[in-house]
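S.K.: A structural model of the following input is requested.
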Amino acid sequence: MIDLRRLRLLIDTARQVTPAQRAARVRLRTALALRRLRRARFAPPSEVRIAPHAPIEVGEREAHDGVTFRFLSQEIRNPSWNEPRASQLWRYHLHYFDYATDLEPAVFERLARSWMRENTRMWGDAWHPYPVSLRIVNWCRALDLFSFDAAFAGQLARSIYGQTCFLFANLEHDVRGNHLLKNIRALIWSGVMFEGDEARRWLEEGMRLLRIEVDEQVLADGCHFERVPSYHVLVLRDLSETAEWLRLNRTCPEWLDDAVARMKQFLEAITGPDGRLPLFKDSTLDTAVGSGQWAVGRRTEPLPTANRQLSTSSGYFVFRDNHAFLIADFGVPCPSYLPAHAHADMFSYELTVDGAPLIVDSGVYEYTAGEWRDWFRSTRAHNTVEIAGQNQSEVWGSFRVARRAMPRNVRFDGTTLTGEHDGYRRLDPPAIHKRTITHVPDTSLTITDEILGSGVTEAKSYIHLHPDAQWEPWRLVTEHEVEETEGWYSERFGEKRRNHVLVLRHKGAMPFRITYTIRLT
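M.R.: The predicted structure follows:
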């Protein structure tokens, strides 16, 4: 029997995908099916030549025994490359080899030989273009860092070269976004690393695509266009390393340096006084980037106190004073063709008071489709308004969004931020949610939610408290009855904690409003 609701969600999601993405998906899936049918085996070239180049410096290393692997809060000893006890994302992390330069040379050699021996079939997790892209760069770094004997060094170089040939034929033009940037980074890395016409083509195509993607993916205010703080950090790391790799061995174009500088400024602007990233959308506080973390860290300089509109391109707005740091998300949910990391969270915010997180986003617990993925992406998991028990954007599956709330009439004058979204116009009766945030420096923040339309409906405004917050009832001033319930908070993959959630509810004829004030002192 056909599930008509699911079919409608699929149609509404698919209409956002571009024709070029559809064509790329067909091509990649056809190529995968043919590899399976032919039982294709990886055959690296018999000879490759390493080009003279300056290696990029490896940062601080963290010792790894190559036996116990911990990803996404799950620890497994001696995992197989197709580990059945782990999720696909966990296995991807194993195949990334982000831990490569944290290993001792002999341990890396053991694991790399094992990988090459056990992953000759060119399908499955090992041969998804995204893990291939990360592994190429990580193996290149290991080849530069460690002094291997000539036989293994040659074997490793041939495998890297062959994997780059595979990647060049399987770029993720179907997904695009940060995935395609990972592909491009690997092409540029190998294009510099090796000699020959093929390597020159990798470098030329990598640079051509990089210019196109940087122009699209780095917004005017420096925000990565998926608008996910964790992915902003990852893309910034990749572009920074690519710029350094080019600077050492070729020439780094001015447009790439400019993009990196704008991304760094944006990261500084959205990072709280405690060095904490906001947990908007699919963000975590353990943004893994190999052997370390890319983080702003605790600030030592005086805090800026001016409120700031980062720009209408990202839709992020910051309120600051001597006590508070509030960041609000009034932007689009996602790029139209890339909804993977979007949540139903428009007009949500996070608030830090006197250096400690007080009101927080719920974060992300896992990517696997199911109850927890649905909950953490839902409107009720964010500091915004749910109407008639529905999500403002139709998030579904692991990475899909059908009909989407879109912001309009967003205005910011330095002390007041206001905007509307149309996510609830699809309901019966239809409604518009208008939110206004008013800041009285060092005194208070007032949130006013207007539910506009005609007919009767019910609205709930959620306030999620950090699990460790010392909530004091005098901080919240409202004429509405305040219900207390429990929610979930996940600042790291695979880890969740109970937290308190305050709910302000109103049912009645539209238009009506829900207002509350948070005292700062």
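
S.K.: please make it C-alpha for all contacts and neighbour counts, starting now.
M.R.: Fine.

S.K.: what are the buried residues along the longest strand along the chain?
M.R.: With DSSP state E setting the assignment, residue counts place strand 495-509 as the longest strand in the chain. Buried positions in strand 495-509, judged by neighbour count with 16 or more other C-alpha atoms under 10 Å: 496, 499, 500, 501, 502, 503, 504, 505, 506.

S.K.: who's the fifth one bridged to?
M.R.: Read that as residue 502. Residue 502 forms beta bridges with residue 463, residue 484, as assigned by DSSP bridges.

S.K.: ok, the last one next?
M.R.: The partner list for residue 506 in beta bridges (DSSP bridges) reads residue 459.

S.K.: ok, the residue lying closest to residue 360 once chain neighbours are set aside - contacts?
M.R.: In this structure, residue 360 finds its nearest non-sequential neighbour in residue 350, 4.8 Å apart by C-alpha to C-alpha, 6 or more residues apart in numbering. By C-alpha atoms under 8 Å, 6 or more residues apart in numbering, the residues touching residue 350 are 278, 326, 327, 328, 357, 358, 359, 360, 361, 383.

S.K.: chain center to the following helix or strand past the longest strand of the chain: distance?
M.R.: Toward the C-terminus, strand 495-509 is succeeded by strand 512-519 as the next helix or strand (DSSP states H and E). In terms of C-alpha atoms, centre = their mean, to the nearest Å, the centre of strand 512-519 is found 31 Å from the chain centre.

S.K.: strand partners of strand 512-519, parallel vs antiparallel please.
M.R.: When DSSP bridges is applied, strand 512-519 pairs with strand 444-453 (antiparallel), strand 476-477 (antiparallel).

S.K.: for that strand, output the C-alpha coordinates as PDB.
M.R.: Extracted as PDB, the C-alpha positions of strand 512-519 are listed here (Å, rounded to 0.1, in the frame of the first residue of the first chain):
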ATOM      1  CA  PHE A 512      -2.600  36.800  19.800                       C
ATOM      2  CA  ARG A 513       0.800  37.100  21.400                       C
ATOM      3  CA  ILE A 514       3.100  35.400  23.900                       C
ATOM      4  CA  THR A 515       5.600  37.600  25.600                       C
ATOM      5  CA  TYR A 516       8.300  37.000  28.100                       C
ATOM      6  CA  THR A 517      11.200  39.000  29.500                       C
ATOM      7  CA  ILE A 518      14.500  37.600  30.700                       C
ATOM      8  CA  ARG A 519      16.100  39.700  33.400                       C
END
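
S.K.: any idea how far residue 86 is from the nearest residue to residue 398 once chain neighbours are set aside?
M.R.: Closest residue to residue 398 apart from its sequence neighbours, by C-alpha to C-alpha, 6+ apart: residue 369 at 4.5 Å. Distance, residue 369 to residue 86, using C-alpha to C-alpha, to the nearest Å: 15 Å.

S.K.: which residues of the protein fall in helices?
M.R.: Using DSSP state H, the helices of the chain run over 4-14, 19-38, 88-96, 105-118, 129-145, 150-168, 177-193, 197-217, 229-249, 254-270, 371-377.

S.K.: indicate which one of those helices is closest to residue 318.
M.R.: helix 254-270 (7.3 Å; C-alpha to C-alpha).

S.K.: give the rounded mean pLDDT of that closest one.
M.R.: Averaged across helix 254-270, the pLDDT comes to 97.

S.K.: list the buried residues for that helix?
M.R.: In helix 254-270, counting by 16+ other C-alpha under 10 Å, buried: 256, 259, 260, 262, 263, 264, 266, 267, 268, 269, 270.

S.K.: export that helix to CSV, keeping only CA atoms.
M.R.: This file holds the C-alpha atoms of helix 254-270, laid out as CSV (Å, rounded to 0.1, in the frame of the first residue of the first chain):
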residue,chain,number,x,y,z
GLU,A,254,43.7,36.3,-3.2
TRP,A,255,40.0,35.2,-3.3
LEU,A,256,40.8,32.1,-1.2
ASP,A,257,42.7,34.2,1.4
ASP,A,258,39.8,36.6,1.5
ALA,A,259,37.2,33.9,2.0
VAL,A,260,39.3,32.3,4.9
ALA,A,261,39.6,35.7,6.6
ARG,A,262,35.8,36.4,6.4
MET,A,263,35.1,32.9,7.7
LYS,A,264,37.4,33.5,10.7
GLN,A,265,35.8,36.8,11.4
PHE,A,266,32.3,35.2,11.3
LEU,A,267,33.5,32.4,13.7
GLU,A,268,34.8,34.9,16.1
ALA,A,269,31.5,36.8,16.0
ILE,A,270,29.2,33.8,16.8
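
S.K.: which elements pack onto that helix?
M.R.: helix 197-217, helix 229-249 (3 or more C-alpha pairs under 8 Å, 6 or more residues apart in numbering; DSSP states H and E).

S.K.: ranking those by burial, who's on top?
M.R.: Among these, the stretch with the highest mean neighbour count (mean count of other C-alpha atoms under 10 Å) is helix 229-249, at a mean of 20.

S.K.: now do it: distance to the chain's middle.
M.R.: Worked out by C-alpha atoms, centre = their mean, helix 229-249 lies 15 Å from the chain centre.

S.K.: can you check stretch 466-473 too?
M.R.: That offset, for stretch 466-473, works out to 27 Å (C-alpha atoms, centre = their mean).

S.K.: count of residues packed around the nearest residue to residue 397 once chain neighbours are set aside?
M.R.: Among residues not flanking residue 397 along the chain, residue 369 sits closest, at 5.2 Å (C-alpha to C-alpha, 6+ apart). Neighbour count for residue 369, taken as other C-alpha atoms under 10 Å: 12.

S.K.: cool, and residue 120?
M.R.: The burial count for residue 120: 16, using other C-alpha under 10 Å.
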